[in-house]
Structures are given as structure tokens and as C-alpha cells.
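>>> How does the following fold in three dimensions:
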Amino acid sequence: MRRAIGMRSRTLATRIASQTMTSVEMRKASEPDKDKGYLLVTPARNEARNLADVADSIVTQTLLPSAWVIVDDGSTDGTAMVIGELQRKRKWIISTRLPQQRRDLHLHYALVCKAGFDLGIRYLDAQQVGYEFLGLVDADTIVEPRFFEKLIAEFEKDSRLGLASGGVFYRRKGRLVLERTDKKSPRGTGRLWKKSCFFETGGYTASYAPPDVVSNAKAKLLSYRVNQFQSIVAVQTRDTSSEEGLWVGYAMKGRSWHYINAHPLLILMNVIHFSSQSPRSRGMAFFLGYFTAFLQRQTKIEDEELRRYFWRDRPIEVIESAFGKEPSRGATQE
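This next block holds a predicted model:
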């Protein structure tokens, strides 16, 4: 396993770089930058094949994290060995292993990420290491060498920016293709919070709601700007919500949108959006997941402010965006 990691001389991470790293940038990447520190969390379950490439893209960042927490979510493959090899080489990489449990894309995933943030925050506080940002990169996401340097630069340009991400791309027939999403909404992976925004919005909360969607909403409700910078490249090695199969993933997504009290207009727009892409069955899976939850009168999120937002404010944002207006809180369709 160690030899396999070491032999990855030409990874996808280096192929997606927008420009070749200079010798100065290589020196900058040798140690974390204390003035622009960030805590990074990566959840990983049975990701031995992907994690080495993902790690290669993190350890070669021009701005390294103050700490990188990798949460082994009960993996049964060689994930633990890959993590152990990374930790032996770099003292700022820490990890924890959780017991194996049933996986889902919302509550369980959010609990895994929350465990990583909680551990990282305790670790940095104990080490008396300062940091200004908190980030999340999934174990199937490879980021360009200047990814976090570029994102942090955007926060420095806009003091109201509280949450941002890069654009998520897929490799299709030898070229990078941007995933079609709202260009203003931060993606779930490759995202970065300003420290104040993270804590004022309650941190990384765990519920049956899609954690990235709720996080975006909470930031906007507190008058932070949110944005997705699609010129900052993150490559996802598998389709969003496909870990348990696309049908299961999008049916679960539909149930989660019922849980957050999404207006029927939002449901319709998502069905159209997902049905316009291949495989088109994703739209049907999303609708059936939502409709089943509706018929069964499943419970909804208790946060009244979020319920009002997704029922009343969010549709207005979508309409404003459709007519080319700047959304009142800075986002459109998730």
C-alpha cells in the first residue's frame, strides 16, 4: 500500500492545475500559513482508491491547512492504511475512526463531518493554533493546487462573504465538465466558511436535512453573502449523491426537501433540473422521494425560521434569478 501511494507520480490533481506551481509556490506549501489558517475536514468511508489522490491535492496546496482531520467512517478496505501513511509524514494531519454504521447522505454524513469539525476545533484550541476559516472536502474531490489560496482571496475581497466554494467538475471523455448547479450556491464539497459564519450559524449541524443546503440558508439568514466561484476548480471523481446508487441518493434527496418544508415550486424546478441531465431517472427518483414523504406526512424540520425561508423566501430568490436579478439573499436553485 505504501509503495502504491508513493508511485502516484502523475495524479488527476496535477492534471487539473490551472497553472504549473512555481518554486516559490512549492516553498509556500511546505508548512501551514499561520496568518491565513484554516481547519479542513474530510469524511472517508471505503475510499482507499480515491484518498491517495485527494491527499496529494491537499498536501501540495500553496496554502496548507492548520490541521486536516480525516474521519474514517468505519471503512472495511485499506482507507485506514492510507490515513496512517499520511499521518506519519505530516504532523498537521490527524484522524479519528468511527464505528461502522448504516450510511446515508444526510444525517449520518452530517454526524461524521460534525465529528471531524469537533475534533479539529478541540485540537487547534489545545495547541493554541489560530485559524480564520473552516473547510470541507469530500474523499472523492480533488482540488487544484491554489484552491484554498484562491478561495481565501475572495473572502479578503468581500468582508460580507461568509461561505463559499469552488466549482465542481467531472472528467468526461478526457475533458473537465462543470456540474450544472446554481452558480451562486456553495457546493457541499470544496467549501470554506469564515470562522464567524461557521459558529454563528451553529457549526455543522446534523439532521435529516441536506447539510449544505441548510448551511447556505443559515448564512443568508444572518446576512452573510454566499457564493460559488466556478473558476476555482474541484474535480469530483463520482457523481453527486451516487455513493449508494443514484436512485437511492436522489430519492433520499427528495425526502430531505420535504423535511425542510420546500415550496412545491422548488420541488418542480428540481425535478425539471435533474430530469434534464443524464441519467434522467434522477428527476423521477427525487419526485417520488418527496411525494412519498408528503403522503406519509413525515416530520419536518423544527426550525421555524428555516421552514419559512424554504417556503416563502427561497421561491422568490429562484424567480429573481430566473429573470436575471440579483437574488435578495444571494442564491438561487440549490
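>>> The helix or strand harbouring residue 125 - what's its average pLDDT?
Residue 125 is located in helix 107-126, with elements delineated by DSSP states H and E. Throughout helix 107-126, pLDDT has a mean value of 94.
>>> Can you list the helices and strands that the helix or strand that that helix is followed by packs against?
Using DSSP H and E, the helix or strand that directly follows helix 107-126 along the chain is strand 133-136. In terms of contacts (3 or more C-beta pairs under 8 Å, 6 or more residues apart in numbering; DSSP states H and E), strand 133-136 is packed against strand 38-44, helix 107-126, helix 147-157, strand 191-194, helix 195-200. All C-beta spots, glycine's among them, are computed from the backbone N, C-alpha and C.
>>> which residues are contacting strand 133-136?
36-42, 65, 113, 117, 120, 148, 152, 155, 188-195, 198, 204 (C-beta atoms under 8 Å, 6 or more residues apart in numbering).
>>> Paired strands for the helix or strand just after it, with orientation please.
Sequence-wise, the next helix or strand beyond strand 133-136 is strand 141-143, with elements assigned using DSSP H and E. Partners of strand 141-143 in the sheet, by DSSP bridges, are strand 225-236 (antiparallel).
>>> in the strand it pairs with, what counts as buried?
225-230, 232-236 (16 or more other C-beta atoms under 10 Å).
>>> out of the residues you listed, who's nearest residue 53?
The shortest approach to residue 53 among these belongs to residue 235, at 9.6 Å (C-beta to C-beta).
>>> Relative to residue 137, how far out is the closest one?
According to C-beta to C-beta, to the nearest Å, residue 235 stands 11 Å off from residue 137.
>>> Now the common contact residues for these two.
Shared contacts of residue 235 and residue 137, counting by C-beta under 8 Å, 6+ apart, come down to residue 143.
>>> Pull up the per-residue confidence for residue 209.
86.
>>> Give the closest residue to it in space, chain neighbours not counted.
residue 260 (4.9 Å; C-beta to C-beta, 6 or more residues apart in numbering).
>>> Could you do residue 206 as well?
In space, residue 206 is closest to residue 110, 3.9 Å off (C-beta to C-beta, 6+ apart).
>>> does that neighbour really touch residue 202, like I thought?
No - if you go by C-beta atoms under 8 Å, residue 110 and residue 202 don't touch, sitting 11.8 Å apart.
>>> Same drill for those two, tell me which one is more crowded.
residue 110 (23 against 11; other C-beta atoms under 10 Å).
>>> need the contact list for the residue nearest to residue 206.
204-207, 211.
>>> Apply 10 Å and report the result again.
The contact partners of residue 110, by C-beta atoms under 10 Å, 6 or more residues apart in numbering, come to 43, 104, 204-212, 214-215.
>>> Would you mind measuring from the residue most central in space within the chain to residue 258?
For the chain, the residue nearest the mean C-alpha position is residue 189 (1.9 Å; C-alpha atoms, centre = their mean). To residue 258, residue 189 is 24 Å away according to C-beta to C-beta.
>>> Residue 160 now?
Separation of residue 160 from residue 258 (C-beta to C-beta) stands at 32 Å.
>>> Any chance of CSV for the helices and strands packed on strand 133-136, columns distance to residue 177?
Output for those, formatted as CSV (distance: least, C-beta to C-beta, whole Å):
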stretch, distance to residue 177
strand 38-44, 24
helix 107-126, 25
helix 147-157, 18
strand 191-194, 20
helix 195-200, 30
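>>> what's the angle between the helix holding residue 125 and strand 38-44?
140 degrees (axes from the mean of the first three to the mean of the last three C-alpha atoms, to 10 degrees).
>>> For helix 107-126, buried residues please.
108-117, 119-121, 123-124.
>>> which stretches of the stretch 151-300 of the chain form helices?
195-200, 211-221, 246-259, 264-275, 281-295 (DSSP state H, counting those that start in this stretch).
>>> by contact count, what packs against the shortest one?
Contact analysis of helix 195-200 by 3 or more C-beta pairs under 10 Å, 6 or more residues apart in numbering; DSSP states H and E lists strand 38-44, helix 107-126, strand 133-136, strand 161-172, strand 191-194, helix 211-221 as its packing neighbours.
>>> one step back: which ones are touching the residue nearest to residue 209?
207-210, 213-214, 217, 266, 300-301, 303, 306-307, 309-311, 314.
>>> same thing but 6 Å
Counting by C-beta atoms under 6 Å, 6 or more residues apart in numbering, residue 260 touches 209, 301, 310.
>>> do you know how far it is from residue 290?
11 Å.
>>> try residue 305
Taking C-beta to C-beta, one finds residue 305 at 22 Å from residue 290.
>>> ok, now residue 283?
Distance from residue 283 to residue 290, by C-beta to C-beta: 11 Å.
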